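Student: Sharing a model that was predicted from the sequence below.
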Amino acid sequence: MTALLSDAELLRRLVGYDSTSRNSNLPIADFIADYLDRPGVRIARNLSPDGDKANLVIRLGPADADPTRRGLVLSGHMDVVPADEDGWESEPFTLTAREDRYVGRGACDMKGFLALAMNRTRALDPARLARPLALVFTYDEELGTLGARHFVETWDAQTLPRDAVIGEPTSLAVVRMHKGYLKLRVAFTGRAAHSGYPHLGQNAIEPAGRAIVALASLRRELEGERSPHSEHFPAVPFAPLNVARVAGGVAINIVPDRCVVELGIRLLPDMPREPMIDRVRRTLTAALEGTPFTLEMIGDSPPMLLDAGADIHRTLCGEVGQTGTVSVSFATDAGWLQTAGLECVIWGPGSIEVAHRPNEYLPQADFTRAGHVLGRVVRRACLDA
């Protein structure tokens, strides 16, 4: 077991692992497991299908099944986005203290919360817990909540406590709903030929152009529609559709034999996935007038919605003095964890506005305050009678 570290030193160690999603996360997962391993702590690795990555499930406290599912889950992702962009003023994977902030890739999103969750866990005597505490740390959240989906599809989450805090950066606001993110791919197949003899080929890009026009029309339709939860997303109260990527052709003198159009739709909490996919398919079918195409779902991060009266929501709101509902328009692991019966809030130090950018940072004041709040929430959920 690694020696106990301060919150800041533990954050420095975590940031030092280049856990960019393109890499295996096993080195950082091994460090976390070693740091938390001691008598009374149960550690399991939920391996990805290829075995190159793992979700971590770390539990302490009573192991017997509790039909009330009291206790607490603290969850976060171990992966980070790349730090390849220009503009970094320090080494991205070396935590740098600068004025009132900690700078480094993942400091905000979301290794700050991981460090706090780990140290609040280390501070507990497993034998004294009245109710269980579980850490669920995932892989590949940044690629579309892949680790969380794998977890709920392969793990009996009913064995975990019901209340869960997912530590995405919210500037310590308590978030009880977020949009989902549905990713679709439309593909067209043509026939390659010399562009001087176009009658021998079939251009795959031209129908893709008609598809893009139809999708733009659908986007405008969606912008005019509202749902029962639109009021909680005042900046973008609809499901935005974004045609994000188009790829086709290999050379100007070759009739292109393939074209792919990829799009994303951010569904509101009350919008099921399948009707939206069917609507996209019908829109394309009408516009293409018999031209064949394939429509494939390439990513699915469900929306998340928690009742305002849920215990974990009321508890955290009371801790930070919040009244009313806060929502975000980005997807998180909570969407999948909710499908497994967990009642999730999104709450953590740092701002999403500085995540995924050069010189990503975590305010030291946020980090300190979050540590105090999280410690009280853990004690109330797992220790208090």
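Tutor: Sure, I can see it.
Student: Can you tell me the SS state at R281?
Tutor: Assigned by DSSP: H, G, I helix; E, B strand; the rest coil, the conformation of R281 is helix.
Student: got the contact list for it?
Tutor: Applying Cβ atoms under 8 Å, 6 or more residues apart in numbering, one finds that R281 lies in contact with L295. Backbone N, C-alpha and C define where each C-beta goes, glycine included.
Student: Report the separation between it and M297.
Tutor: According to Cβ to Cβ, to the nearest Å, R281 and M297 sit 11 Å apart.
Student: With A157 instead?
Tutor: For A157, the distance to M297 (Cβ to Cβ) stands at 23 Å.
Student: More neighbours: which of the two?
Tutor: A count of neighbours by other Cβ atoms under 10 Å puts A157 above the other of A157 and M297, at 22 against 12.
Student: List the contacts of stretch 376-385.
Tutor: Residues outside stretch 376-385 that contact it (Cβ under 8 Å, 6+ apart): 61, 70-72, 74, 120-121, 124, 128-133, 161, 163, 165, 315-316, 319.
Student: brain fart, stretch 79-93
Tutor: With contact meaning Cβ under 8 Å, 6+ apart, stretch 79-93 is reached by 15-22, 25, 96, 98, 103-106, 109, 111, 139-143, 147, 355-360.
Student: Please repeat the previous calculation with a cut-off of 7 Å.
Tutor: For stretch 79-93, the external contacting residues (Cβ atoms under 7 Å, 6 or more residues apart in numbering) are 15-16, 18-21, 25, 96, 103-106, 109, 139-142, 356, 358-359.
Student: In helices, which of the residues you listed appear?
Tutor: Residues of the contacts of stretch 79-93 located in helices (DSSP state H): V15.
Student: Next up, the contacts around V175.
Tutor: So V175 contacts 326-328, 345-347 (Cβ under 7 Å, 6+ apart).
Student: doesn't R131 fall inside a strand?
Tutor: No: counting by three-state DSSP, R131 is not found in a strand; it is coil.
Student: Surely it and G71 touch.
Tutor: Yes: using Cβ atoms under 7 Å, R131 is in contact with G71, at 3.9 Å.
Student: just to revisit the earlier point, out of the contacts of V175, which comes closest to V255?
Tutor: Nearest to V255 out of the contacts of V175 is V328 (Cβ to Cβ; 45.0 Å).
Student: confidence score at that closest one?
Tutor: If you check V328, the pLDDT there is 95.
Student: how much space is there between it and A208?
Tutor: Taking Cβ to Cβ, one finds V328 at 33 Å from A208.
Student: Please list all residues in contact with the closest residue to I252 other than its chain neighbours.
Tutor: Excluding the flanking residues, the one nearest I252 by Cβ to Cβ, 6 or more residues apart in numbering is S195, at 7.1 Å. Neighbouring residues of S195 by Cβ under 7 Å, 6+ apart: 253-255.
Student: Mind giving me the PyMOL select for those, buried ones only?
Tutor: PyMOL command restricting the contacts of S195 to the buried ones, with burial defined by 16 or more other Cβ atoms under 10 Å:
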select buried, resi 255
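Student: of the contacts of S195, closest to E221?
Tutor: Set against E221, the nearest of these by Cβ to Cβ is V255 (33.2 Å).
Student: just checking, the closest one touches G196?
Tutor: No: the criterion here is Cβ under 7 Å, and V255 misses it with G196 at 9.8 Å.
Student: In helices, which of the contacts of stretch 376-385 fall?
Tutor: Applying DSSP H to the contacts of stretch 376-385, the entries found in helices are 120-121, 315-316, 319.
Student: Show me the one in those residues that has more neighbours than the rest.
Tutor: In terms of neighbours by other Cβ under 10 Å, the ones in helices among the contacts of stretch 376-385 top out with L316 at 24 neighbours.
Student: With adjacent residues omitted, what lies nearest to it?
Tutor: V174 (4.5 Å).
Student: Which pLDDT value does the model give the one you found?
Tutor: On pLDDT, V174 comes in at 98.
Student: Would you mind telling me which of R131 and G71 has more residues around it?
Tutor: Per other Cβ under 10 Å, whichever of R131 and G71 has more neighbours is G71, with 23 against 18.
Student: For the more buried one, which non-adjacent residue is closest in space?
Tutor: Closest residue to G71 apart from its sequence neighbours, by Cβ to Cβ, 6+ apart: P161 at 3.3 Å.
Student: I figured that neighbour hits T68, correct?
Tutor: No: if you go by Cβ under 7 Å, P161 and T68 don't touch, sitting 9.3 Å apart.
Student: The two: which is more packed in?
Tutor: Legend: neighbour count by other Cβ under 10 Å for P161 and T68, higher for P161 (24 against 8).
Student: State the distance from that one to P126.
Tutor: Separation of P161 from P126 (Cβ to Cβ): 15 Å.
Student: picking up where we left off before, any idea which of the ones in helices among the contacts of stretch 376-385 is closest to L337?
Tutor: Taking Cβ to Cβ as the measure, L337 sits nearest to L316 out of the ones in helices among the contacts of stretch 376-385, at 16.2 Å.
Student: Can you name the residues that contact that closest one?
Tutor: 174, 345, 347, 377.
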